[in-house]
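# Got a predicted model here, sequence first, then my questions.
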Amino acid sequence: MAGPVQDDPDGRSARKTLHGGGGGRARALRKRRAPDAKPAGDDMTEIDTSAPVLVTGATGYVAGWIVKRLLEAGATVHAAVREPANGARRVHLDEAAAAAPGSIRYFKADLIEEGSYSEAMRGCSIVFHTASPFITEVTDAEDQLIEPALLGTRNVLGEAARAPSVRRVVVTSSCAAMYSDAADCAKGPGGMLTEDVWNTTASPDYQPYSYSKTIAEKEAWRIAEGQAQFRLVTVNPSLVMGPAIGGRPTSESFALIDRAGRGEFKRGVPRFGIGIVDVRDVADGHIAAAFRENARGRHILSGHDTTLFDSLTTLLPAFGDRYPLPRRATPKWLVWLIAPRVDLTRRFVARNADVPWRADNTKSIRELGMTYRPLAETMVDMFRYMIEQGYFEPGRNGRRA
C-alpha cells in the first residue's frame, strides 16, 4: 500500500513512471520486456499520484489493465462498480492491488442512476470513464446499448463538471464512433479514418453498437464544451484483443476467439476488414491521455489494419496442431450467399468482406507516445491466456470443439 504523500509544490515526489520505477528500471524494461510491459522505445508517461483517480466500470476488460497500471505506479484508485460486494468480480483487481504499491477502494455506482458517482469522484483529479456495454447480439438496442451509453456519459461527465477536484476526464470511445463498416474508411481523408471523421451510417437498426458509441461520444463533447471544470480527452480503440488481467471477461473479443478455438471457423472465415489493438496498449493510451499535458481531443488507438482471417492465422504456428483454427479464407460470394443462415445481413457482407480497413494512428504516436505490439504477440498472448482459463475445454459454455 502506498504511504501518505508529503507536501510538494512541484509535484515531483508524487510522480511515478508508467511502470513505477526510475530510469534504471525503465532501461531494464527496454532490454527485456515482460509480457505486459510497453514495447521498447516508449517515452514513459508520468503518473501523478498526489490525488485519487476514478475508473468507472473498473471490473471491465480494458479497465482492468488501466487499474493495474495505476496501482503499479502507486496511485489510489477509486473503482466504481455495480456490485462492490461481489468478491468474485473484483478478485483480479484485489490481486493486482496486493502486488503493487498503490491502493484501491470500491464504490457502488450505476450508469443510469443520476448522482451515483458523486461519492466515488470525491477528491479525484482524473476520471476514466470506461463503462459502456460492448455487445453485438441484442434484442432491444435502446435498452441494452443506447440508453446505458448515453445516460452513463451524462451522469459521469455531469458529475465531473460539478466536482471541484476533477481536472481531466478520459472517455473510452471507439473507432466505431467513426465508422460502421470497413467500406466507410474509404470516405475519410486519404481513404482512411482520422480523428476528424464521425460515423454517419449507424442507426438503432443497423450497427447499434456503433450508433451507441457515436452518440455517447458526441454527448461527451457537448457537455465538455459547456463547462470549464475539466479537459475532455477521448481514446478511440479499434477491436481490442489480448489477455485480461484475470478472470473471464464478458467481452465480444473473447467470444470471437472462443468460437475460433472451438472450431466454428475451421472450414473457413471471411476476410472482413478490421483494425486490431492490444488491450495493454489501449490501457497505456488511456494513461497517456490522462497525464500528458499535450493530450487533447480524440485519439485513434489501432496497431494493425488487418482482416479477421489474417488475424486468426497468426495463431496457427503456436496452436494449429492442437486446435481447429481456420486455415482458409471463405470467398465473399459464398459468405454473401449463406449470410442469412449465419445471422449476417448481405449489406454487412457487401461492405466488409474483402474490403480493406484503414485508420491513421499517427496522432496517438505523436501526442501519446504510443508504440504498438506486433499482431501475432497480441493474438498468441490472448489465446494462451484463454487456454489457461479453460475456455476451450469440452463442455465449457455449453459448447464443444
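Done, it's in.
# which residue ranges form the helices in the stretch 51-200 of the chain?
61-72, 87-98, 118-121, 141, 147-162 (DSSP state H, counting those that start in this stretch).
# Tell me how far the residue lying closest to residue 229 once chain neighbours are set aside lies from residue 286.
Excluding the flanking residues, the one nearest residue 229 by CB to CB, 6 or more residues apart in numbering is residue 161, at 5.0 Å. Backbone N, C-alpha and C define where each C-beta goes, glycine included. Distance, residue 161 to residue 286, using CB to CB, to the nearest Å: 20 Å.
# try residue 243
17 Å.
# same thing with residue 268?
Residue 268 is 36 Å from residue 286, by CB to CB.
# out of these two, which sits in the more crowded spot?
Using other CB atoms under 10 Å, the more surrounded residue of residue 268 and residue 286 is residue 286, with 29 against 14.
# In contact with the more buried one, which residues?
62, 66, 128, 130, 170, 172, 235 (CB atoms under 8 Å, 6 or more residues apart in numbering).
# contacting residues for the last one?
For residue 235, the set of contacting residues under the criterion of CB under 8 Å, 6+ apart consists of 170-173, 282, 285-286, 289, 298-299, 301.
# cool, the fifth one as well?
By CB under 8 Å, 6+ apart, the contact list for residue 170 reads 126-129, 233-235, 286, 289-290.
# Pick out whichever of the residues you listed sits closest to residue 182.
residue 235 (20.9 Å; CB to CB).
# any idea whether the closest one is helix, strand or coil?
strand (DSSP: H, G, I helix; E, B strand; the rest coil).
# pLDDT score for it?
Looking at residue 235, its pLDDT is 98.
# bridging residues for it?
Per DSSP bridges, the residues bridged to residue 235 are residue 172, residue 299.
# distance of it from residue 129?
Distance, residue 235 to residue 129, by CB to CB: 11 Å.
# which neighbours do those two share?
With CB under 8 Å, 6+ apart, residue 235 and residue 129 have common neighbours 170-172.
# and of these, the nearest to residue 84?
Nearest to residue 84 among the shared contacts of residue 235 and residue 129, with distances taken as CB to CB, is residue 172, at 20.5 Å.
# Who are the contact partners of that closest one?
Residue 172 neighbours (CB under 8 Å, 6+ apart): 62, 128-130, 132, 234-235, 237, 286.
# Okay, strands next: where are they in the stretch 301-401 of the chain?
For the stretch 301-401 of the chain, applying DSSP state E, counting those that start in this stretch gives strands covering 304-307, 329-330.
# What about residue 189, how many residues nearby?
Counted with other CB under 10 Å, the neighbours of residue 189 add up to 10.
# I figured it was touching residue 178, is that so?
No: using CB atoms under 8 Å, residue 189 is not in contact with residue 178; the gap is 11.6 Å.
# what residues do these two have in common as contacts?
With CB under 8 Å, 6+ apart as the test, residue 189 and residue 178 both reach residue 197.
# where are the low-confidence patches of this structure?
1-44, 133-139, 394-401 (pLDDT under 70).
# swap the cut-off to 90 and go again
1-46, 82-89, 110-114, 131-149, 249-252, 343, 393-401 (pLDDT under 90).
# Longest helix in it, please.
Scanning the chain for the longest helix, with DSSP state H as the assignment, gives helix 208-225.
# Need the contact partners of it.
So helix 208-225 is in contact with 129, 132-136, 138, 141, 145-146, 148-150, 152-154, 157-158, 161, 169, 171, 173-174, 176-177, 179-180, 198-199, 202-204, 230-232, 234, 236, 298, going by CB under 8 Å, 6+ apart.
# of the residues you listed, buried ones?
129, 132-134, 138, 141, 145-146, 148-150, 152-154, 157, 161, 169, 171, 173-174, 176-177, 179-180, 199, 202, 230-232, 234, 236, 298 (16 or more other CB atoms under 10 Å).
# Look up how far residue 55 lies from the residue nearest the centre of the chain.
With distances taken as CA atoms, centre = their mean, residue 62 lies nearest the centre of the chain, 4.3 Å away. To residue 55, residue 62 is 10 Å away according to CB to CB.
# Find residues that contact each of these two.
In contact with both residue 62 and residue 55: residue 130, using CB under 8 Å, 6+ apart.
# Could you single out the most deeply buried of the strands of the stretch 301-401 of the chain?
Sort the strands of the stretch 301-401 of the chain by mean neighbour count, taking mean count of other CB atoms under 10 Å, and strand 304-307 sits at the top with a mean of 23.
# Distance from the chain centre to that one, please.
For strand 304-307, the separation from the chain centroid amounts to 17 Å (computed by CA atoms, centre = their mean, to the nearest Å).
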